[in-house]
Structure formats: structure tokens, C-alpha cells
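K.L.:
next input, structure requested:
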Amino acid sequence: MNEPQSTPRCPVNSRYYQSESDLIDMQQLLMAGRLRTGDWRYWHVGELAWDWLMVACHLSAREHIRLWHNIAGELVGYAMLGEDSAFNWQVLPEYEWQGIEEQALAWAAMRLAKLRQTDAVLWSKSLVATARQDDERRIAFLQQHGFHYGGEWIEVNMLRRLDATIPQCPAPDGYRVRAVEANETAERAAAQRAVWQPWTVGDVSAEDYARFMQQPGYEREFDIVAVAPDGVIAAYVNGWLDPVNHIGDFGPVGTSPNYRRRGLGRAVLLECLRRMQASGMDRVCVSTSVSNAAARRLYESVGFHMANTTGDYTRAE
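P.N.:
As a prediction, the model looks like this:
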């Protein structure tokens, strides 16, 4: 396969994703970038977790993730091309805007072109990247390289501090709020599908979820579920920890349609907040669609406030 010809203005080597150790390095890059800058343009490791799973289960991490290492072998940047032609990249602050971004974009465009040769319908969508509203340099880079703003901010990013007592929220009679059990992969995957199908994030089998539970960064005690009297997992939240920056993250979050308006979503969120606080986190973040008023009200009811917004930028290839 031919590689992009643009050359970064710093000494780096590039290769495709190879193994789980690369995922761990990607997580470390995100935490280090946040630590060195205090900037939310670096994804939380929880945001990476589901994107990586979708690539690994539905595509191939070895073909859809590209890595950049410095001469000492440290991971300094990565790029992912996911389903729906979604392109994302992250670069350590001391290596930003020295050419890795251009090479990452060239790789994504080349990869998309090859995928269209094999399935023009599946890969017909334009290349799309996201940027937070206050990330001026990322937005400028996208615009300079032919991306156009979609016209609205599609996602709201919310934040909650953990410097006060978390209120109690008893579950309805007969329901139990607890961590998912190791033998509940089929039930947990079914709950994910019930909330998210037909979207990609809902395309999760029991085998996929079992794999997910073995993924670096996943901790079962922060995979909180509300279990109905008949044993059905009715609501859930995946909680993620960044122990370097002491920031937690929620996602995905959901309540099955047949169990909504019973306070179950609020109950699992508060339980996960308590566990995060006990684990030393001092803040928690969560994101949802700007148009999802119900989710925004739920997060606000447990103490979250809006911190930023994210928009889509697209480029025809």
C-alpha cells in the first residue's frame, strides 16, 4: 500500500496499529496531553474506548488506526478512520502543527479512497471530523484543508465537580443498582442494543461486550446497571477514569425504552458519581446531542453544567 507523501517537520516514524499495547499508549497520550495543557481538546480515555471498540469490532484496528512515534519510540500522535468516514486525530502538544496533522489527513483520505474501491456505497459519505467550539487551531486547520462547518453544534459537552456529597437516589421498589456482573455480557449487550440501535454504537453482540470487558481501561465496578425485578438490565452507565488528571467520564449512558421515566437513569448516574468520588476523581464529564433535551435535563438534574459544544466539519473526497 502506498503511504502519504507529506513529511512531518519533526523526526517521527509512522505505522499501523498492531496490538493492545498500542491502545494503552493511545490512552497514555490522551492523559499526558490533558496533563500538559489542561485543555479539553484531548479526548478523555472514555471517549476513546467506545470509538476503538467500534473500529475493532466492525472494521479492523490494524487497518483503520495509524500511529506516529518519535525517535525514542514514544507515541506522539494517532489517527482513526471509523465508520461513516469519521476521521479523528490526537497529537501531543510539543508535536502539534509540525506536520503530523497533514500526514494523518493524507492517510485518512488515501484510506477512504481505497475503501470506496471495494464498497462505494458503504463508504459514500464525505470525510468528517469534529472540533470543539473553542478549539480555534483545529477549526482553522480543517477549514484550510477543505472542510466545511455543518452549520450547527451537534454535541454539548458537560462537566460536574465532585467536591461535595453526592445525593442519594433510591431505585424504585424491586430494582437493584449495582455493578454489572462478569457473567452478564449477553444481558448487558442486549441493553446496549435496546437503547442505541440502529446507530453503530448499538451494534454490539454478547461476544463484542465480553471483549470490551477485557479492554484496557475498562473497570467493571464503574459499569453500573439498574436491574429490573425480572432480571432485565433496564438502565446503565459506563464510567471511565483518568487517574492522571483525576477526571471521570460517562459514556455510553442509556435507559431501555420500556423502563424510562422511573428515575433509573438518575440512579445509575449518582451511583457511578459516588464511586468516582471515592476513587479520587475531582471532576466528571459527559457529552450528548445538542438536540437531546431529555438527556441534558437528566445530566443537569445530577449536577452537570454545559462546558463546551462540538461541531462536525465535512470534506468531499
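K.L.:
residue 119 - how many residues pack around it?
P.N.:
Neighbourhood size, residue 119 [other CB atoms under 10 Å]: 9. For glycine as for every other residue, the C-beta is placed from the backbone atoms N, C-alpha and C.
K.L.:
same check, this time on residue 165
P.N.:
Residue 165: 8 neighbours (other CB under 10 Å).
K.L.:
any idea how far residue 304 is from it?
P.N.:
From residue 165 over to residue 304 the distance is 16 Å, taken as CB to CB, to the nearest Å.
K.L.:
assign a three-state SS to the nearest residue to residue 253 once chain neighbours are set aside, would you?
P.N.:
Using CB to CB, 6 or more residues apart in numbering and skipping residues adjacent in sequence, the residue nearest residue 253 is residue 237, 4.7 Å away. Assigned with DSSP: H, G, I helix; E, B strand; the rest coil, residue 237 falls in the strand class.
K.L.:
residue contacts, residue 237?
P.N.:
Taking CB atoms under 8 Å, 6 or more residues apart in numbering, we find residue 237 in contact with 223-224, 250-253, 265, 268-269, 272.
K.L.:
redo the residues you listed as JSON lines? Include distance to residue 140 and secondary structure.
P.N.:
Listed next are these as JSON lines, based on distance: CB to CB, whole Å; DSSP: H, G, I helix; E, B strand; the rest coil:
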{"residue": "223", "distance to residue 140": "38", "secondary structure": "strand"}
{"residue": "224", "distance to residue 140": "40", "secondary structure": "strand"}
{"residue": "250", "distance to residue 140": "30", "secondary structure": "strand"}
{"residue": "251", "distance to residue 140": "28", "secondary structure": "strand"}
{"residue": "252", "distance to residue 140": "31", "secondary structure": "strand"}
{"residue": "253", "distance to residue 140": "32", "secondary structure": "strand"}
{"residue": "265", "distance to residue 140": "38", "secondary structure": "helix"}
{"residue": "268", "distance to residue 140": "40", "secondary structure": "helix"}
{"residue": "269", "distance to residue 140": "36", "secondary structure": "helix"}
{"residue": "272", "distance to residue 140": "37", "secondary structure": "helix"}
